[in-house]
Structure formats: structure tokens, C-alpha cells
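In: My questions concern the predicted model and sequence given below.
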Amino acid sequence: MASREHIAQLLSGAPFAWVEISDFKNKEPGSAWDLGRRLWSPERARGNRDRYKTMREPNQGDLVLHFIDMGPKRGGRVLLGVSRVSAPVRVDDEIPPRAGEWEARGPFAVIELEGFERLDEPLPLVAFVKDFRAEVTAAKTASAYPFAFKADGIEPQLQYLTRAPRPLLEALASALRGRVAFRREGNESVTGVWLDDGGQGLASILRMKLEDTPQSTKYVAELRAWVERTRALTGDLETNVLVLSRKGYTARTGSVKEHHRRLIWLVRPEEVGLDARKAIVGVMKDRPELVSVLFFEPDDTAIGGFRLIDYGLKGEDPLLEALSDEGVQLPLIEPYLLPRRGSQQVEGIISDRAIHVGRARPAGKLDDIDWSKITVAQVMAQARIDGSEEPILRALAALSSGMNVIFVGPPGTGKTSLARAIFAAANVTTDVRCASDHWTTYDTIGGYFPEPNEDGGQRLVFRRGAILESIVAGRGLIIDEINRADIDKAFGELFTVFGSVEAVELRLPMKVENDEGELEELIIAKAAARGGPVLGGSGARVEIPAGWRLIGSMNDADRASLKRFSLAFARRFAMIPVRSPARDVYAGLIESRLRTEADRLAVDSMSPSFVRVSELVVAFFAETTGIAALGAPLGPGFALTVGEQAVAELSKDPTRGGERAFLSALELYVAPQFQGAGAKHRDFVELARDLVDDEEAVTSFDEALAAWTGGAVIY
């Protein structure tokens, strides 16, 4: 049995999920057809209609929510539990044991499931839809939900498998945690800091202030009462002031008194889009007693009708954590943080010149990350790349031990997608750079660049490179095609920092302008203990936080033709191979995605041309006798691009034929990968001839390929 809180956490962490609406009468207890073991449906509906096309879309690792009819005496239809997809759909002639009226409608689409977790307290569907009526029937999302309102009550739509979008998962998670949706009508109670008992949470107070006259102070009593109610929940001891913006964010800082520690700043609809960040900087300079500034704007699609659009901090704010726990979306921004030098506040860290190296990053963004707590399942939920569990596991192990990572593998295997997914699972925003052979330490660390001054002349200012910028900004770093750069030249002195497991301080021969306009020595430090970058007493000091990581990618097919790196560099990274998935997984991925693309482009997935395209793409990319046999394996990214191009050509000209469309796509996307590879020309053409019966099309492909390979090399 799984608790409601556990299932709520699964829903909160899933980008989307699938909803199964079924009955116990269709399940065979104790068998492979039991609840949470398989999803199944006829492959096609009567009249060959593609009613069950969503069965082709789930991928390995996707979350499935099971809404099962328990009968009127046991609560009706309920969310009974969750499971995960263990393999993409397959077509099978085996008749499910309780197929009922569908028994004669085979063959059947079957999806294998694993890890079923049954709720210890099921969630009734009728109660959920009633509480979250506004969310479920929202104009933008109602058609995507498996629930609908009818004249005689709330009933599920007659859809067996439906995609559950993110807003629905958030609502279900809230319901499982015992929270009722916010509604402006009526007096239903809500719980929490944002939406509190009696509708007097912060969202209601913001609306009261927005809809009243600018000079009105009627909200003040409610704000004071809200503070008293929420202190026990958050441990928040700060005093608050709420102000309504005037155009340009001016003339309102006078509302902030010496005892105020938090400014809640409300923006009128007509003022949305003005420069909130400059206003935050300005008010924090003018009112140094402020610990945080929060900017809100009206947004009817957001929880409670308001959205947090920007914020500035001098330290941690428990209110932000409480809002996040209640589902309020915090913007993916770099908050303004004012660091300290001794007991003195350093002002002007954010400036128009933007040359201060030591600008602080948000507290806890990288310092508090424990890479050992990130799981393979969390990354898979972000990546959704079938068969990638092994490289993910090895990468997480390396990151947990303090190492940085480089993914190595054939083109199209999803190396960059894996890097993005790992950082996303850790809730870390990223900078993505593509290396080039022109890179030097200017591109990685930084250097001096000319900039116009007020007198019409120029001066030299320091600008951060990719690595220094990501460290200071509190973001992870992804470097694509890392071996395109001369690594030893580009990384330079950083070898010392990357190679040390102990605290190290690297003094660079660079001078950086401080707030007083003086030049100070640049120091990059890697501390043994966690800590953010500060402006130290002896110079501009940047500390690498414990959670900062660099993940690179490298195509192994390019290793011989691009820059080589030293063993000293290789020792500082875990070189993790990323291979194409196993044949069955690879083939299933291709077939599923191409059917989805055919549906999107109105191409008949039962037509001979489409079936032939699907067969050829699988044979060429997934089989060991295909492109891999030429010593040039290509990952699913290439396979899907080729297949989708071929399907798109069929949609433009149904008479084109599957073989011609396939070879046309190969010419566009795969032939260029053989540039200058004349020794492989003949083998490539013979492979095409083995797969394709249309000799005229193969001859045309041979001629097109020669433009890239230079023609066959005869020995």
C-alpha cells in the first residue's frame, strides 16, 4: 500500500502521466492481465477507426494513473493506484481473459506495466472533480482531460487511455494532500499560506488591494491577521508591507518603514512588462533593511489568480518555500542577492556595466544539492530516452563522487538530452554552449573587452567566460561537442581547480574592477565546505559551490578528426559511453513515433507505403546488419528524423512510395555523415540495395551519395 503523500509526490514530479479508466470486470486477478500489470485495447475500432491511437504513445518509464470503478457501494470510480510503463506498445493476437464484447476485435494493442502501487486511501473521482471543477473545465485544458461535466452529474469521458497534462497532476496532488481548490465563489474553506481558511490567504489580500483604490488601507487588517496565522506554519518572523505599483514602479518606496523586512509588490495589469528587476535593485538600495521583495501580477490561469513574476533576496525567505509547497509557480530567474563584505552591505552588484565578477547566486541553488539523492527514475522521467538507464546510473554515480561528466557516443543517441535531463531532475537551470576550435581561456574563464565610455572613447572591462558565468549565476554547464575545442588551451589554469578534491585557491593574472572602480586580483576557489561566492578582502573571489557540475558531450565518430585532449584532462572527467538502445527497444521507439507522426500528418498508418517506411527505418538503424555493420552506428535521433521526413514526404505525395521516400530522407540526413568516406561508399550503396527493391531509386541514391563521399574507392 502507498500513502496519499507518496503518490502526491510522484504526481508532483512527473511532467505528465497517462490515465486509465477501466473496471475490475476487465481485470484477471493474479495473472499478467491484473490491475497495474497491463493496459490493453483493440488495435483498431470498428470501421478501422483509429480510436485507440493513444495506446501507441506511452514510453518506458511513463507514469500511469488507474481510475477504477469500485461499484456504487465502494465509492464509485476512484484513483486506486499508479504504475509505470515497462515497454512500449506491442500488437498481440492473444485474447485477454476478460475481453467481453471486445473478444472478437483482435489483434490487441498491449502495454506492459510494472511497479504497481495501490493507494491505502483511494481518491474518489466525483469528489475530486467537484472540488476542482474550475481546473478540470478550464477552456484551455478541458478537451485534454478524461473527465467531463454532464447535465446529470460528473462522469468520466468514454476514453480508455488519456494523457494527463501537468495542471491535472497538480490538482490531483493537491487533492491527495487534502487541499481544496481555490474558488472565488462561495465560502468553501481552503488551506495554507497562499489560500487560507475563509479565503483570506495572501492571494485574496492581493485581490482586495488590486480592486480597491490606490490610497485604500482596508487590506492592512487582513494582512496583519494573515501574518499571525502564517507565522506558526512557516516560522516566519519578518514584518511585511504590501504596496500597489504605479506606472514605472516609482514613488512607492516611501511605504517601506524601518521595521519592514519584506516588501510584497503588486503590479497592475496595464503595468505588466515593465522592468521589475531595476525596481528591485532600486528599492533594496533605498531601503537596506529589506530582506526580500516579491513581485506579483494578476493572472487568471494561476492558482489564486496571481502569479509571482520576480523576486529579490538578501537571504532565505520562508514565504517562498511555503508558496512553492502550495503549488505557486516560482519563476525560473536569477534572484537579486545582496552579498556581504564583513558587516558592510555591498551595493550595486547588479548594474548597467555588469562587470562585477562576484555577483552572488541564489542561496541554495547549487550549494544545497546532494547529487547522491538524485535517482535514475527522476532523470528518466525528464529524459524519456528508452534504454538510457545505464549511462544515467553511471553519470549520477560520478556526479555524486564529485566528478564532472562527458557523454561519449554515436550521433543521435541523446547525449545532450541526457545532460539536460540530469540537471532538470536536480532542479538546476543550465547554460548550454557549443565548443569551437577558436576557444581560449577568454571563452571559458573570461578576459578583457573594449567597451564605449561616457566620453566617446573606449575602456577595457572584464567579461566572464562560459564556466565562470555559470558558476557565478548558479547554473549548471553543458558543453556540446567539447572536443571541437583545444581543451588544454581553453581550460588553462582551470585544470588545477577541476583536479582537486581538497580546498584550492587559484589566483589568476587578471584584474577586475570592484564597486569603487579599483582593480583587484581575480581568485577562483574550490572550497572543501559548501559556500557561495563572496567578494573577499584581497580581491574579487569566486567560489565554486559544492553542487556545481559540468557535463559535456562528444561524438565518438569525430574523435579522430577533431582536437585530442591530454590525459590530464581525461583524468578530471568520467567518460561515459552512450550507445544506441537494444534492438527491440530501438525498433519499438521507431514504430511508435512514426505512427504518431502519421496520425499527425493524416497519413494512413495501414498503407503499404507507410508500412514500408517503418520497416526500412528499423532495418537500417536498429538491426545489427544495418548501418552499424558499416562501423558507423547512428542513434535514435537520426532514425526518427529520417522516418519523420519520409512520412512527411508521403503526406505531400501519397504516390511517392515508401522506398523512394526512405532513400530521399537518407540522402538528406545520413549521406552528409559520410563526407569524405570514400572507402565506405560501396558498402553503403550495397546496404541500400539489400534493403530496397527499387533499383532506379538506389542508382539515384548512389549518385547523390558520391557528392559527399567522393565516390567509391577501388583497391
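Out: Yes, it's here.
In: Check the burial of the nearest residue to residue 573 once chain neighbours are set aside by counting its neighbours.
Out: Take residue 573 and drop its neighbours on the chain: the residue closest to it by Cβ to Cβ, 6 or more residues apart in numbering is residue 406, 4.8 Å away. For glycine as for every other residue, the C-beta is placed from the backbone atoms N, C-alpha and C. Applying other Cβ atoms under 10 Å, we find 24 residues neighbouring residue 406.
In: Validate this expectation: residue 406 resides in a helix.
Out: No - secondary structure of residue 406 (DSSP: H, G, I helix; E, B strand; the rest coil): strand, not part of a helix.
In: Quick check: the gap between it and residue 419.
Out: Relative to residue 419, residue 406 is positioned 10 Å away (criterion: Cβ to Cβ, to the nearest Å).
In: next one: residue 699
Out: 42 Å.
In: who's more crowded, those two?
Out: Per other Cβ under 10 Å, whichever of residue 699 and residue 419 has more neighbours is residue 419, with 27 against 12.
In: Verify the contact between the more buried one and residue 407 for me.
Out: Yes - Residue 419 is within contact range of residue 407, at 6.6 Å (criterion: Cβ atoms under 8 Å).
In: Now do the shared contacts for these two.
Out: Taking Cβ atoms under 8 Å, 6 or more residues apart in numbering as the criterion, residue 419 and residue 407 both touch 551-553.
In: Select from these the one having the most neighbours.
Out: Greatest neighbour count in these, by other Cβ under 10 Å, goes to residue 551: 29 neighbours.
In: Paired strands for the helix or strand containing it, with orientation please.
Out: Using DSSP states H and E, residue 551 maps to strand 550-555. Counting by DSSP bridges, the strands paired with strand 550-555 are strand 404-409 (parallel), strand 476-480 (parallel).
In: Next secondary structure after the first one?
Out: Beyond strand 404-409 in the direction of the C-terminus, DSSP H and E gives the next helix or strand as helix 415-425.
In: Same question for the shortest one.
Out: Tracing the chain C-terminally past strand 476-480 and defining elements by DSSP H and E, one meets helix 487-491 next.
In: could you point out which element follows that next one?
Out: Sequence order places helix 494-498 as the next helix or strand after helix 487-491, per DSSP H and E.
In: what separates the residue most central in space within the chain from residue 626, distance-wise?
Out: The chain has residue 424 as the residue nearest its centroid, 5.0 Å off, counting by Cα atoms, centre = their mean. For residue 424, the distance to residue 626 equals 32 Å [Cβ to Cβ].
In: do residue 394 as well
Out: The value you get for residue 394 to residue 626, if Cβ to Cβ is used, is 27 Å.
In: who has more neighbours, the two?
Out: Using other Cβ under 10 Å, the more surrounded residue of residue 394 and residue 626 is residue 626, with 20 against 16.
In: Quick check: phi and psi at that one.
Out: The phi/psi pair for residue 626 (degrees, to the nearest 10) reads phi -90, psi -140.
In: which ones are touching the closest residue to it other than its chain neighbours?
Out: For residue 626, ignoring the flanking residues on the chain, the nearest one in space by Cβ to Cβ, 6+ apart is residue 620 at 4.6 Å. For residue 620, the contact set (Cβ under 8 Å, 6+ apart) comprises 626-627, 639, 642, 662, 666, 687, 691.
In: Now do whichever strand or helix holds residue 639: everything it contacts.
Out: Using DSSP H and E, residue 639 maps to helix 636-652. The contact list for helix 636-652 (Cβ under 8 Å, 6+ apart) reads 385-386, 411-414, 580-581, 586, 589-590, 593-594, 597-598, 601-603, 607, 609-610, 613-614, 617, 620-622, 656, 658, 661-662, 664-666, 668-670, 673.
In: now, which of these lie within helices?
Out: 586, 589-590, 593-594, 597-598, 609-610, 613-614, 617, 658, 661-662, 664-666, 668-669 (DSSP state H).
In: so residue 161 touches residue 38, yeah?
Out: No - with contacts counted by Cβ under 8 Å, residue 161 stays clear of residue 38, the gap being 11.9 Å.
In: Show me which of the two is the more surrounded one.
Out: A direct count of neighbours by other Cβ under 10 Å for residue 161 and residue 38 places residue 161 higher, at 22 against 19.
In: How many residues are close by the closest residue to the more buried one other than its chain neighbours?
Out: Leaving aside its chain neighbours, residue 161 sits nearest to residue 54 (4.9 Å; criterion: Cβ to Cβ, 6+ apart). By other Cβ under 10 Å, 20 other residues sit near residue 54.
In: what does residue 696 give?
Out: Around residue 696 there are 8 other residues, counting by other Cβ under 10 Å.
In: can you confirm it is in a helix?
Out: Yes - assessed with three-state DSSP, residue 696 lies in a helix.
In: Distance check, it against residue 669.
Out: Distance of residue 696 to residue 669, given as Cβ to Cβ: 21 Å.
In: Likewise for residue 598?
Out: Residue 598 sits 19 Å away from residue 669, going by Cβ to Cβ.
In: same check, this time on residue 70
Out: Relative to residue 669, and taking Cβ to Cβ, residue 70 is found at 51 Å.
In: Then residue 412?
Out: For residue 412 relative to residue 669 (Cβ to Cβ), the value is 9 Å.
In: Which of the helices or strands spans residue 433?
Out: Using DSSP H and E, residue 433 falls in strand 430-434.
In: Quick check: buried residues in the helix or strand following that strand?
Out: Proceeding N to C from strand 430-434, the next assigned helix or strand is helix 441-444, under DSSP H and E. Under the neighbour-count criterion of 16 or more other Cβ atoms under 10 Å, helix 441-444 has 441, 443-444 buried.
In: closest to residue 520 among these?
Out: Taking Cβ to Cβ as the measure, residue 520 lies nearest residue 441 of those, at 18.9 Å.
In: got the contact list for the closest one?
Out: By Cβ under 8 Å, 6+ apart, the contact list for residue 441 reads 447, 465, 489-494.
In: Just among those residues, which is most surrounded?
Out: residue 490 (27 neighbours).
In: Tell me how many other residues crowd the closest residue to that one other than its chain neighbours.
Out: Leaving aside its chain neighbours, residue 490 sits nearest to residue 439 (4.0 Å; criterion: Cβ to Cβ, 6+ apart). Neighbours of residue 439 under the rule other Cβ under 10 Å: 22.
In: Residue 439 touches residue 485, doesn't it?
Out: Yes - the pair residue 439 / residue 485 is scored as a contact, 3.9 Å apart, by Cβ under 8 Å.
In: Burial check on residue 305, number of neighbours?
Out: 17.
In: and what of residue 286?
Out: Using other Cβ under 10 Å, residue 286 has 11 neighbouring residues.
In: A helix includes residue 263, no?
Out: No - Residue 263: not assigned to a helix; according to three-state DSSP it is strand.
In: Specify the beta-bridge partners of the closest residue to it other than its chain neighbours.
Out: Distance criterion Cβ to Cβ, 6+ apart; nearest residue to residue 263, sequence neighbours excluded, is residue 293 at 4.6 Å. Here residue 293 sits in beta bridges with residue 263, residue 312, going by DSSP bridges.
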